[in-house]
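Asks: Have a look at this prediction, sequence included:
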Amino acid sequence: MTIIQFTPFSSLVEPNFWHALTNLKIDVLRLSDESVPITGYYSPGRSIVDRETGNEIPLGCNINIPGDALTNDIQVPAHSVPASGLFKNYNTIEEFKEADKTALFNGLSQEIWDSIAKGSTASLNRFLLITFADLKKYKYFYWFSFPAFVSKPAWEVEDDWKPARTEFSDETLTEIHKLSSSRPSPFFLVRAIGEKTEIASVEEYGSFFKDVPLSSVHPSATPSNPGWPLRNLLTYLRHHHPSDVSQGLRILCWRDSEPSHNDQWKSRFGIAKVNGDATKEKPAAVGWEKNVQGKLGPRMADLAPMMDPTRHVLADQAV
Amino acid sequence: MHAIQVLKESKFKEHGRITPEEFVAAGDFLTYKFPVWSWEKGDAAKFRDYLPNDKQYLLTRGVPCLRRATALAYTDEDEDAERLLSFGDLSSTGNEADEWVETHAGRSTGLENGGAVGEIDEIPDVDDHGISGAMGGLSVSGNDEAEIPDMDEIPDMEEDLEGDDEATAAPKPPAVPPKSANSKATQESARSNLLAVRTYDVMITYDKYYQTPRIWLIGYDENRKPLIPTQIFEDVSADHAFKTVTIEAFPHSTTLQAASVHPCKHASVMKKVIERMNAGVEEAAALRKGSASGNSTPKEKQKKWLFRRASGNGKDDKNNNAAGGDEEVEGMRVDFYLVVFLKFIASIVPTIEVDSTASF
């Protein structure tokens, strides 16, 4: 048995988002620092074969914040699933520094916990983004948090994560790919009986579906580390189905956005288990994103080189 | 300045240029065959009326870039150089030193272009270029981190928890060596841990003036910080950095700036590539008819895929495969224009994996 280590989300903010924030700040928010809804998305973890060494290089476990993240109709790319959160922009660097991050974080983790207690998986991926935009200098300070509950004791996986192909037939995986592409969802149940494969929402676990593999879209491409979203899903299951949890849950980490060629499925399978009783209270949570130095702290995007008109001599010189 | 008319008549075989309709047809095919690509609307204020509102430009996100073009070194047995030169294989002449390949000498097979590595070394020498003056004030290194304020520490248990949470995977190294790996693989994994993997969002717009597609790049470093122009130029082959790649306003946004490959040579290059491919395929078809054998190599299969007289965006692959030796060859269809275009772009930005067709 190995302790499951989840790959944390890494934020990837598209420059378009900072442009949109600038406009929102000038035209709508002005001096308001009220929370605003935000939507990002994540995709099955990708890897790339390094042509020089032949090694498979996992790409980041990213959550993307696109240019339309602050609108109501965000365009989520194919095979990706949306995640919604709270966005809060501060007017001064001092307010940003002094923001009551603990209260913000606890508020959000409470929201996630309440949703779990109600039996819904809809809020498991809620996240928080706080920013300060230095509009004159095109500098954007930001800090994400992706609250995830800590399990005591920790979740373990039996015999490590294995290729999905060891558990499912090629036909079943092809069918899962088809079904999950037609209605992308962060989490789903899979039932394969004979040649018939079905998927359903996790909320149906325990009634219609029982003892079936649980599946979640995995933004992590590292073979032995499931992605961050599985953490809160497991918390949900432990809360609602404690006896199944102590016997082991069959988990499919879904990573195949393209149907497999030559039977090279990238998805992973494992049996996750935890002993002992879960608390009925809200467990502690973690999830502040670390900065470039690997420390808990904000990041900064400097867009001056690409946005500042005074720097655009460059474009004029071209051609 | 006189108004330039939108190209109406198909000229792609004669000039390498395409009409907006052909751009849409080629884009439809690209998004169908390679779903990593999608059509985008862009900013409504920037709509081009000669393109459908929901098909203004093409986008793919998160294209990996493992190494810097400036750090490439080639050997004779370099397989990926071979891949990028596959059009050379397709040509009837087999002469890989012709003009099209010359434009991307940095990715050539090596022997006659042994000097390419030396040329690449010239890139750090940016001070000779006028552009660098404009870049001088930019900080490339991480020293801007100093500007990030120290935040109040997150009090209470949270910080301790965050610090030593046993269930959080360490963010680095990104590549975990497979447990069953032999020692050689482990060594190489260790090496790959040092890769600074960048990613790019890649856009393809239709350039009305040059009547060709035009490619745009927005890059992120391994910490997902947006790349600044000098950093982007590290991923452009030596022949093109600072000459054909520039930073300009992205035409479908009111504010966004992006790196772009200037399209002034696209039409002539595309014309050559198409001619060579057509010649190669006609020859191969003649050979096939002559020998009437069904044992095609994988490479021939790829040619078939590109040149098949497919209809309906290639959805009837199977029927066409069945047609076998009787298939007629009519040269490259305009639907494939962007697939070929991306292979050409891959030679300008050799380490950015824009050519997703390579996996097929």
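Replies: Structure's in. What do you need?

Asks: Indicate whether stretch A:10-26 makes contact with chain B.
Replies: Yes. Under the criterion of C-beta under 8 Å from any C-beta of the partner chain, chain B is reached by stretch A:10-26 at A:10-16, A:19, A:22. The way it works is simple: take the backbone N, C-alpha and C, and place the C-beta from them, glycine included.

Asks: Okay, and which of these map to strands?
Replies: A:10-13 (DSSP state E).

Asks: Where do the helices of the stretch 151-300 of chain A begin and end?
Replies: Counting by DSSP state H, counting those that start in this stretch, the stretch 151-300 of chain A has helices at residues A:170-182, A:229-240, A:242-247.

Asks: residues making contact with the longest one?
Replies: Contacts to helix A:170-182, defined as C-beta atoms under 8 Å, 6 or more residues apart in numbering or on different chains, come from residues A:78-79, A:164-165, A:168, A:188, A:190, A:192, A:195, A:197-199, A:215, A:217, A:252, A:254, A:256-257, A:259-260, A:263, A:265, A:267.

Asks: same check, this time on the shortest one
Replies: By C-beta under 8 Å, 6+ apart, the list of residues contacting helix A:242-247 from outside reads A:211, A:234, A:237-238, A:273-278.

Asks: Show me those residues that map onto strands.
Replies: residue A:273.

Asks: Most neighbours among the contacts of helix A:242-247, which one?
Replies: Ranked by neighbour count (other C-beta atoms under 10 Å in any protein chain shown), those have residue A:234 at the top, with 26 neighbours.

Asks: ok, the closest residue to that one other than its chain neighbours - how many residues close by?
Replies: The shortest distance from residue A:234 to any non-neighbouring residue, by C-beta to C-beta, 6 or more residues apart in numbering or on different chains, is to residue A:155 (5.8 Å). Using other C-beta under 10 Å, residue A:155 has 25 other residues around it.

Asks: Would you confirm that residue A:155 contacts residue A:233?
Replies: No. Residue A:155 lies out of contact with residue A:233 (C-beta atoms under 8 Å); the separation is 10.8 Å.

Asks: so which of the contacts of helix A:242-247 comes closest to residue B:210?
Replies: residue A:234 (54.0 Å; C-beta to C-beta).

Asks: how about that closest one, what does it touch?
Replies: If you count contacts by C-beta under 8 Å, 6+ apart, then residue A:234 has A:151, A:155, A:245, A:249, A:272, A:274 around it.

Asks: among the ones in strands among the residues of stretch A:10-26 next to chain B, who's most crowded?
Replies: Neighbour max across those (other C-beta under 10 Å) = residue A:13, 26 neighbours.

Asks: Leaving aside the residues adjacent along the chain, what's closest to that residue?
Replies: Residue A:13 sits nearest to residue A:65 (C-beta to C-beta, 6+ apart), 4.5 Å away.

Asks: ok, that neighbour touching residue A:15?
Replies: No. Using C-beta under 8 Å, residue A:65 is not in contact with residue A:15, being 10.5 Å away.

Asks: Among those two, which residue is more densely surrounded?
Replies: The residue with more neighbours, out of residue A:65 and residue A:15, is residue A:65; 29 against 25, by other C-beta under 10 Å.

Asks: And the pLDDT at that one?
Replies: At residue A:65, the pLDDT value in this model is 96.

Asks: Can you report phi and psi for the nearest residue to residue A:48 once chain neighbours are set aside?
Replies: Take residue A:48 and drop its neighbours on the chain: the residue closest to it by C-beta to C-beta, 6+ apart is residue B:64, 4.6 Å away. Phi and psi for residue B:64, reported as degrees, to the nearest 10, are phi -70, psi 150.

Asks: sorry, back to before: which residues does the residue nearest to residue A:13 contact?
Replies: Shown in contact with residue A:65 (C-beta under 8 Å, 6+ apart): A:11-14, A:17, A:38, A:40, A:129.

Asks: Closest one of the residues you listed to residue A:294?
Replies: residue A:11 (14.7 Å).

Asks: ok, which residues in the stretch 101-250 of chain A are in contact with chain B?
Replies: Residues of the stretch 101-250 of chain A lying near chain B (C-beta under 8 Å from any C-beta): A:101-102, A:105, A:139, A:141, A:143, A:150-151, A:154-155, A:160, A:220, A:222-225, A:231.

Asks: redo that, cut-off 10 Å
Replies: For the stretch 101-250 of chain A, the residues in contact with chain B (C-beta under 10 Å from any C-beta of the partner chain) are A:101-102, A:105-106, A:130, A:132, A:134, A:137, A:139-141, A:143, A:145, A:148-151, A:153-156, A:160, A:181, A:220-228, A:231, A:234.

Asks: Perfect, that will be all.
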